[in-house]
Structure formats: C-alpha cells, structure tokens
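Trainee: I need the structure of the sequence given here:
(2 chains)
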Amino acid sequence: TMIGCHSASTWAVVFIGCRSLSSLAELPEMHQMMRQTCRDYADRELGPIAGKLDKEHLFPAQQVRELGAMGVMAIEVPEALGGAGMDYLAYSLAVEEISRGCGSTGCVVSVNNSLYIGPILKFGTQKQKEQWITPFTTGEKVGCFALSEPGNGSDAGAASTLARQEGEEWVLNGTKAWITNSWDASATVIFATTDKSLKHKGISAFLVPMPHPGLSLGKKEDKLGIRATSTANLILEDCRIPLGNMLGSRGSGFKIAMQTLDSGRIGIASQALGIAQAALDCAADYAHKRTAFGAPIGKLQAVQFKLADMAVAVESARLLTWKAAMLKDAKKPFTKEAAMAKLAASEAATFCGHQSIQVLGGMGYVTDMPAERHYRDARITEIYEGTSEIQRLVIAGQLLKEYAS
Amino acid sequence: MSPASVFVCLSLTLLSDYPVIRVKPDNSGVVTDGVKHSMNPFCEIAVEEAVKLKEKKFIKEVVAVSCGPTQVTETIRTALAMGCDRGIHVEVSGKDYEAMGPLQIAKIFAALAKKEEASLVILGKQAIDDDCNQTGQMTAALLDWPQGTFASEVTIDGEKVKVVREIDGGLETIKISMPAVLTADLRLNTPRYATLPNIMKAKKKKIANMKPADLGVDMVSRVEVLRVDEPPTRLAGVKVETVDDLVAKLKANGTI
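Mentor: Coordinates of the predicted model:
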C-alpha cells in the first residue's frame, strides 16, 4: 500500500518498503499480462488499420466490440455489472497500449470508461448503474460526456444549458459543443443548470439516451486529428427525460463534472503516452534504417539527442501517470498528480510527434509514414479534458494549498 | 462418455518477430539472455483448440503444461488466462534446460499424461525456434497412443476423434481412438486474446510444480550439438538479359 504523502519531496522517502516501489520498477504480473494482451491486440488489429480509419474518418465499431468482449471498454466496472473489475493502473496501461495502435480508438476507450461510465459508477443509484452501465460494457454501445458549450469550455461553471422540471419530467434546452463520440453514442451524461441563481452550485447532471426526441446532433467537426472519432454539437430542444434520470443530487453537477475530469485526466494522459510512444517507436526504427553520410542516421548525435529527449519525456510522464493512477486506487487524493500527469503526457505527445517528423525528415511529412498522424493526433491531448493552462491552474492551486500556513 | 481432461503442452520460444538473433561467440548455440520469450504460436493454437473443446462441452478440464525455467510460469499463466483450468510447471533449468530436446520433453509429457489420466494431449506442431516437429510424435510413441498431427480441423465423435491433417498432397482425414495425441497446425483456429476478466481469474488458478525426477524421467540428452553457425551472408545475385542466358548460366554452374 502507498502511504499518503502531501508533497513531492517526501515521495523518495515513502517509496522504501511500499508496494509502490516494486510497482513502478516492475508492474505486478496481472498488470503485465493485461498490458501484453492489449499490446498484442493493438499491434495486430489496430496498427494495420489506423491509417485507414484516420483517412476515411471511420469509427472503429468492430474493434470497439472486440475490445468490449475483452473487457477493455469497462475496466474499472465490477464484474457483477459486466466489467473487468480491475484497477485504474490497469486502465491506464490498457488505454496507453490501445492508443499506441490507434490514437482515435484509445480516445473512444478513454471517453467510455472515464467520462461516461466513471460518473455513473461513482454517483449513480444501483438501478441507474444496471440500466446505464451494463449495456455499455460490451462494446455494443458507447457513451459520451456533454459539459462544454459553444460559450464555455474552460469556464465550465457558466453552463447556459437549462433544465426545468415539468411534472414527472425534466425538460432540457441548450447546446453542447465538442462532444466526442456524439454520432456513435447510445447515451450521454449531460450537465445543465437547474438553479441559475446558485451559479455553479446550481448545475445538475442528467442521463439521456441517444437517440431521443428533442436531442439532435450538429454536423461532425472536421478535425486535425483523432479523425476516427465523431465530434459534434448536441442540441437540446425541449428534450424530456424522466425525473429518475438525474445523476447524483440536484446541484451537484459541477462537483460531479470536476471529479469525473480528475479521473478522466489519467485516461487522457495514458492516451497521450500511447501516441508519444508510437511517435518515438517510429523515429527510433527509422533512425536504424535510414542511412545518410555513410551510416544509419541513429549514429548522428543530433538524432540521438532527439531520441533521448523523447524517451525521457515519455518515461517521466508515464511514471507521473502511474503514480496518479495508484493514488486513485489507494483512495488517496490525486487531483494534483492527475493534472501533472495530463500536462506532462500531453506536452510529451506533442513534443514527440513534432520531433518524430523531424527525425524522418521529408518522409515524416507524407502520409506514407504514421509520423504525421501521430503529430496530428497528439495535438488534441493538450486541449480536451482540461487545457494545459487549466492543468497549470489546478496544480498551482493544490500546491499553494499545501504551503498555506 | 466425455473425455475428462485434456493436456495442452506448451513451449516457450524466442519471440517470433525479434529483429536480430545472434550466435554465441563460442558457436555453442544462440544468445537467449535478454531476448524476449513468449508462448510458441502453434502452442497458442493448441490452447485455443482445447479451450474451444471445453466450451463445446466435449471435455471437462484443460491442463496447461510446460517444461523449463521459472520464466515458463508466465506462459502457463497466459494459457490460464485464455481459459485453461490449471497448470503444471515441470522445472528444468541450467545445463539441463540447454540440453533439453524433444525426446526429454516427450518423456516428461508422456509420464504426466499417464499419471493424470489425460484423454487428449494437444501440442503445437513444432516450436518456431528449433522447428523440430518431433515432440508430439515422440509423445504418442512413448504412450503407444494414436496421433493426429498437423491438425487443421478436430471433431470429437464419441470415443473417437476425427482429424483433418494438412499434408503435402492436400488434406487427409483420419479417425483415431482416444486417448490420443494431436498437434496443431496454423489453420486449426485463430487464438483468442486473453480477456481482462479471465486474466483476473487466472490469478486464482493453480500451477503445480514438479521436477523431471519426480516423474522418473532422466534428462540426459542423446544428442550433442557440435556447432551453431549463422547462415552464410547472402551474396549478390547476377542479372541476366534473357531466358536463354539464364538457362546457359544454370547449365554452366551445374545446377541443371
């Protein structure tokens, strides 16, 4: 077990004698097996088709079903509800390996696990869990998370989507923007203001099936990367749902959103790690094979320095991600560490994507090699589920609390 | 009467797509330290077939067996995660492991199959590192059981097994009585990915430990490896302009 530590400097001392030491040096056998099975799946089933999925903007429906059959679409969900019953460290490893094969598929896995199932698992009633989680564990159905609006992304407290009660129903009106999985989802966790006067404490969370009368989808966004996922607006026009569809208590929506995003950050950090690793693998492999000036370019210090910097960026972000996951599994506070992981991993992904193209030179710029896709896929990880700027605010906020007298 | 237990015998081999295998400086073998090992692909197919037979309720229990050093338990655990019920690890390490060949392994598997009263022993047709293709056949001979090798289709029919074999001339169908030994060929099935819930369940499944001596098997090899060399470096070819030139050249160097 990990002993809770309040500041980064006690980390080295606490390390000694904890399970965490051996976990970070070498993962437990179960996790290694799970990582290997996901890696095999990614190498054999995702790697070969990732380029096509990206080019044709195709949702990987069959692969999502296969991953569901393996338990990957609901890793933390208890077996009784149809999930794999594993921990968040296992989830992080799975998302990283899947993303290494295909960044878009990794995104679908992460959104379904952390953003859709996550809040229902934590805040839902037993009946809600059975109704809204179990059918979404098999890969047959995926969910989505609707918080952002055209008028507010980072400013989540300013939700202008409204929910009013009419008899035995909630009636929702408003527009949500940038919703991942929207066109492929069968349900959404959506946030709307139930009491405008209470500001962010007046936001509540709801469960809405898709499709549903009163809920329509905007056009699919034409994105730079993760093109196999669908991103669109959710438009609510007098969308009616039963009272029992409220998730958690009235007014707790903002809290639910923030806590969900805390965990979701570990998922996105893992996705970013997978993309970064894929970019590094591509560059390192090319450095062996491409010859220039009479030798493989891997012999040139300029290339070596790039590869070394990429490897350090990925490995350090990975350890931060594992630490955040292990803290969460130990039921310790992990907000700061999750934000650090997401920040480090997403910046590692964009760095590795960029440098990988540089190592490949002209070949990195064309679609024959996957480097350009990694570059494009990496970019979103610094934006969604909390921009890098928001992560810095979260980290600073937690840090200052620790030093407050 | 449905057969009680099926033994799947696994081999741990050098990873199939490892970029570079090197010969040891003393030419006594190949460098295996630090090289990633995994379950032999044909053994994966064997495990899959056994698990499928159990799912179709033809058999009650699947036991995964492997011989080798401690590393081998990872392979057995993977087989458990694919659906085998329990495992047996026959510990062979050091010099014995380096000298271990198909005959020693076959003796071990035969002894175990008899001891545990297996009705079917399924192996991969060959290991991809040594390509011997002998263990299955030797096991059957030692047990004096019928064998269905290079199986591309297996159907259980009462007390008999119908096996479609891939042979040089095409496909041969045979019917053999159980207990029997089968070896799996490439097209028998597509092995499943270990699902996460099954990986969790595999944690609780038992792997028994034993030594060849416990089975009365002597590990002395009758084969001595004299030398291992890398294949000769491929020389550049010669391009010719016409078919006549080609025929002339082949005649000149004695090929035809």
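
Trainee: From here on, just use CA atoms for contacts and neighbour counts.
Mentor: Fine.

Trainee: Check the gap between the residue in the stretch 51-200 of chain A that chain B sits nearest to and B:Tyr193 for me.
Mentor: Of the stretch 51-200 of chain A, the residue with the smallest distance to chain B, taken as C-alpha to the nearest C-alpha, is A:Met70 at 4.1 Å. Between A:Met70 and B:Tyr193 the distance, using C-alpha to C-alpha, to the nearest Å, works out to 7 Å.

Trainee: What parts of chain B come near chain A?
Mentor: Counting by C-alpha under 8 Å from any C-alpha of the partner chain, the residues of chain B lying close to chain A are B:Thr78, B:Tyr193, B:Ala194, B:Thr195, B:Leu196, B:Pro197, B:Ile199, B:Met200, B:Lys203.

Trainee: Give me the neighbour count for the second one.
Mentor: Right, the one you point to is B:Tyr193. Other residues lying near B:Tyr193 total 20 when counted by other C-alpha atoms under 10 Å in any protein chain shown.

Trainee: what helix or strand does it sit in?
Mentor: Remark: B:Tyr193 resides in no helix or strand, with elements defined by DSSP states H and E.

Trainee: List the contacts of the residue lying closest to it once chain neighbours are set aside.
Mentor: When the adjacent residues along the chain are set aside, B:Tyr193 lies closest to A:Thr37, with 6.3 Å between them (C-alpha to C-alpha, 6 or more residues apart in numbering or on different chains). Applying C-alpha atoms under 8 Å, 6 or more residues apart in numbering or on different chains, we find A:Thr37 in contact with B:Tyr193, B:Ala194, B:Thr195.

Trainee: beta partners for the closest residue to A:Lys289 other than its chain neighbours?
Mentor: Distances taken as C-alpha to C-alpha, 6+ apart place A:Pro296 nearest to A:Lys289, at 6.0 Å, with adjacent residues excluded. In this structure, A:Pro296 has the following beta-bridge partners (DSSP bridges): A:Thr291.

Trainee: Test my guess that A:Pro296 contacts A:Asp285.
Mentor: No - at 10.5 Å, A:Pro296 and A:Asp285 do not qualify as touching, with contact defined as C-alpha atoms under 8 Å.

Trainee: Residue 186: neighbour count?
Mentor: With no chain named, the answer covers chain A. Other residues within reach of A:Ser186, judged by other C-alpha under 10 Å, total 20.

Trainee: nope, chain B please
Mentor: Neighbour count of B:Leu186, defined by other C-alpha under 10 Å: 17.

Trainee: Identify the residues contacting the closest residue to it other than its chain neighbours.
Mentor: Closest residue to B:Leu186 apart from its sequence neighbours, by C-alpha to C-alpha, 6+ apart: B:Phe42 at 6.6 Å. When contacts are counted by C-alpha under 8 Å, 6+ apart, B:Phe42 is found next to B:Leu123, B:Gly124, B:Lys125, B:Gln126, B:Ala127, B:Ala184, B:Asp185, B:Leu186.

Trainee: Next, format those as JSON lines and append secondary structure.
Mentor: Written out in JSON lines, the entries for the contacts of B:Phe42 read as follows (DSSP: H, G, I helix; E, B strand; the rest coil):
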{"residue": "B:Leu123", "secondary structure": "strand"}
{"residue": "B:Gly124", "secondary structure": "strand"}
{"residue": "B:Lys125", "secondary structure": "coil"}
{"residue": "B:Gln126", "secondary structure": "coil"}
{"residue": "B:Ala127", "secondary structure": "coil"}
{"residue": "B:Ala184", "secondary structure": "strand"}
{"residue": "B:Asp185", "secondary structure": "coil"}
{"residue": "B:Leu186", "secondary structure": "helix"}
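
Trainee: Now render those as CSV, adding distance to A:Thr229 and pLDDT.
Mentor: Shown next, in CSV, are those (distance: C-alpha to C-alpha, whole Å; pLDDT from 0 to 100):
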residue, distance to A:Thr229, pLDDT
B:Leu123, 42, 92
B:Gly124, 40, 91
B:Lys125, 42, 92
B:Gln126, 43, 90
B:Ala127, 41, 87
B:Ala184, 40, 94
B:Asp185, 39, 94
B:Leu186, 35, 94
